[in-house]
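1. Next comes the sequence, and after it the predicted model I'd like to discuss.
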Amino acid sequence: MAFKDTPGGRALIGNLWRDNPVFRQVLGICSTLAVTNLLKNTLLMCGGLIFATALSNLTISLLRKYIPKQVRMMVQVLIIAAYVIIVDIAIRAYFPEIHKAIGPYIGLIITNCIIMGRAEAFASKNPAWPSLLDGIGAGIGYSIILIAIAVVREALGFGTILGFALPMRDLWWYQWTIMVMPPGAFFMLALMAWFGNSYVLKSENKGVAK
Amino acid sequence: MILAMMEPVAHAGPGFWTRLLIIFLTAAFTENILLTRFLGMCSFLAISRQMKTSVGLGFAVVFVTTFTAAINWLLHTYVMVPLHIEFLEFIVFIVVIAAFVQLVEMIIERYSPALYFSLGIFLPLITVNCAILGVSLFMLNKEGFGFWESLMFGFGSGVGWLIAILLMAGIRESIKEDKIPPGLRGSGITLIITGIISLAFIAFSGMIK
């Protein structure tokens, strides 16, 4: 059996493109959209998010038979919060400069709808290994979109990518201040949603025609 | 850029009431929690379809942010800092928010069933609204916030969120019948309108010096 046909493989790959939560429903953008004006901050936040989603999915899946149904939301939030604290402490230790800039947003990973959504929809019903892969897939699928937004915003807003200047910037580049400011993020995300929705509509129409 | 604008505010207010007013205006307009910080987007996109539900959720958010900001400030200042357990702030804050929402739900259900039915479904939603946790976390980043300042900051942020969702709901109700490209329907057009409202709110940034 090929990897993409196993339950874990399906969960990993489906999350990347077909069921990508940001594309389809614009879910879970709250905490991370704010840091997309610099690619470096975005990469760090996405790394933290993938770590938290994957490990909280794994833990919740391992404990799924022992968590009473009535309090499961609370237990899930506490497990997620524990992993987010690990991320917060790690970033504070290794990247103190960035932590000063994006500090409160790291804590907001806890309330990210995607983590809760995956925990509730997948990890609380499936075994450990597929759940881990599902978490990694959801995290990466989410990161791809935010990284795409960050690349455009940093290139247009600061003329750099990861802090390195674009080639021959002085000749052609002109600063779009709006891209550094919040409206830039809203417009970029709207474009992403437009692109994603049109793609989905097109493939659905094709399916009908067949 | 927006953080830099906050600087003069921190040193400005000589009078207590002036300072509270400045904190309120800053939180509600220049640093609007939704339009400049992107917090509470999930419920904003989902709920703003209807005016009536938007009003209900908006007022519930104002209420909860005001009190959880104050409670979390008290816990942080008098319990967590003396015990050196600041690293637990995420867990403490989220538990406080969940417990507070639960408590409010029980009290409203007991004393005002009418209000409970009109507000009831929104209260559980609020626990996972990032704006509430965000207000508590941003409050800690501000220098020299006392109890009243935190309470006012929570109230102002909640009002800012309420204003944003009311504006959005009003616009969405009136464009319901318009011809929008199929790919942009739903979240796409909502995000573009949010971007335009957010542009308008940037104009407030020169207001507070």
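-> It's in.

2. any idea which helix is longest in chain B?
-> Counting residues, the longest helix found in chain B (DSSP state H) is helix B:147-174.

3. Please see if that one touches chain A.
-> No: Helix B:147-174 lies apart from chain A when judged by C-beta under 8 Å from any C-beta of the partner chain; the minimum separation is 11.7 Å. The way it works is simple: take the backbone N, C-alpha and C, and place the C-beta from them, glycine included.

4. Counting neighbours, which bits of that helix end up buried?
-> B:149-165, B:167-169, B:171-172 (16 or more other C-beta atoms under 10 Å in any protein chain shown).

5. Can you name the element that comes right after that helix?
-> helix B:187-202 (DSSP states H and E).

6. other SSEs contacting that following helix?
-> Helices and strands touching helix B:187-202, by 3 or more C-beta pairs under 8 Å, 6 or more residues apart in numbering or on different chains; DSSP states H and E, are helix A:182-209, helix B:41-47, helix B:147-174.

7. Out of the helices and strands in chain A, which is least certain?
-> Least confident helix or strand, chain A: helix A:21-25 with a mean of 65, by mean pLDDT, DSSP states H and E.

8. so which strand or helix has residue B:144?
-> With DSSP H and E as the test, residue B:144 turns up in no helix or strand.

9. Next, find the distance separating the residue of chain B positioned farthest from its centre from chain A.
-> The outermost residue of chain B, judged against the average C-alpha position, is residue B:179 (32.2 Å), by C-alpha atoms, centre = their mean. Per C-beta to the nearest C-beta, to the nearest Å, residue B:179 is found 15 Å from chain A.

10. For residue B:48, see how far away that residue is.
-> 20 Å (C-beta to C-beta, to the nearest Å).

11. how many other residues sit next to residue 139?
-> The chain I'm using is chain A. 24 (other C-beta atoms under 10 Å in any protein chain shown).

12. ah, I was thinking of chain B
-> Residue B:139: 24 neighbours (other C-beta under 10 Å).

13. Tell me who's in contact with it.
-> Neighbour list for residue B:139: B:69, B:72-73, B:145, B:150, B:153-154 [criterion: C-beta atoms under 8 Å, 6 or more residues apart in numbering or on different chains].

14. want to throw these into a markdown table with distance to residue A:104?
-> Converted to a markdown table, these look like this (distance: C-beta to C-beta, whole Å):
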| residue | distance to residue A:104 |
| --- | --- |
| B:69 | 13 |
| B:72 | 13 |
| B:73 | 14 |
| B:145 | 14 |
| B:150 | 14 |
| B:153 | 13 |
| B:154 | 14 |
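
15. tell me the least confident of those?
-> In terms of pLDDT, residue B:145 ranks lowest among the contacts of residue B:139, with 84.

16. Does it touch residue B:73 like I think?
-> Yes: checked against C-beta atoms under 8 Å, the pair residue B:145 and residue B:73 is within contact range at 7.1 Å.

17. So which of these two has more stuff around it?
-> Neighbours were tallied for residue B:145 and for residue B:73 using other C-beta under 10 Å; the higher tally belongs to residue B:73 (22 against 19).

18. What is the three-state secondary structure of the more buried one?
-> Put simply, residue B:73 is helix when judged by DSSP: H, G, I helix; E, B strand; the rest coil.

19. thinking it is in contact with residue B:142, fair?
-> No: at 10.4 Å, residue B:73 does not count as touching residue B:142 under the criterion of C-beta under 8 Å.

20. For the most centrally placed residue in chain A, report the pLDDT, please.
-> For chain A, residue A:142 is the residue whose C-alpha lies nearest the centre (C-alpha atoms, centre = their mean; 3.2 Å). According to the prediction, residue A:142 has pLDDT 83.

21. right, and it touches residue A:48 too?
-> No: judged on C-beta under 8 Å, residue A:142 makes no contact with residue A:48 at a distance of 11.8 Å.

22. Overlap of the contact sets of these two?
-> With C-beta under 8 Å, 6+ apart applied, the contact sets of residue A:142 and residue A:48 do not overlap.

23. ok, residue B:65 to chain A distance?
-> Note on residue B:65: its distance to chain A, by C-beta to the nearest C-beta, is 13 Å.

24. ok and the helix or strand harbouring that residue relative to helix B:147-174, angle-wise?
-> In the assignment (DSSP H and E), residue B:65 maps to helix B:51-75. Angle of helix B:51-75 versus helix B:147-174, following axes from the mean of the first three to the mean of the last three C-alpha atoms, to 10 degrees, is 160 degrees.

25. can you pull the buried residues of helix B:51-75?
-> Going by neighbour count (16+ other C-beta under 10 Å), the buried part of helix B:51-75 is B:53-54, B:56-73, B:75.

26. can you check stretch B:129-144 too?
-> For stretch B:129-144, by 16+ other C-beta under 10 Å, it's B:129-140, B:142.

27. ok, of these, which one's closest to residue A:196?
-> residue B:130 (22.0 Å; C-beta to C-beta).

28. Helix or strand: which one has the residue of chain A most remote from its centre?
-> Distance from the centre of chain A peaks at residue A:171, with 34.9 Å (C-alpha atoms, centre = their mean). Element membership of residue A:171, judged by DSSP H and E, is helix A:169-172.

29. Which residues does that helix contact?
-> residue A:159.

30. Contacts made by the helix or strand following it with the rest, please.
-> Next in sequence after helix A:169-172, counting helices and strands by DSSP H and E, comes helix A:177-180. Residues from elsewhere that reach helix A:177-180 (C-beta under 8 Å, 6+ apart): A:37, A:152-153, A:156-158, A:184, A:187-188, B:1, B:199.

31. What is the most widely separated pair among the residues you listed?
-> Between any two of the contacts of helix A:177-180 (C-beta to C-beta), the greatest distance is 19.5 Å, for A:158 and B:199.

32. More neighbours: the two, which one.
-> Ranked by neighbour count (other C-beta under 10 Å), residue A:158 and residue B:199 place residue A:158 first, with 20 against 17.

33. With adjacent residues omitted, what lies nearest to the more buried one?
-> Sequence neighbours aside, residue A:180 is the residue nearest to residue A:158 in space, at 7.0 Å (criterion: C-beta to C-beta, 6 or more residues apart in numbering or on different chains).

34. Can you get me a residue count around the one you found?
-> Neighbours around residue A:180, by other C-beta under 10 Å: 17.
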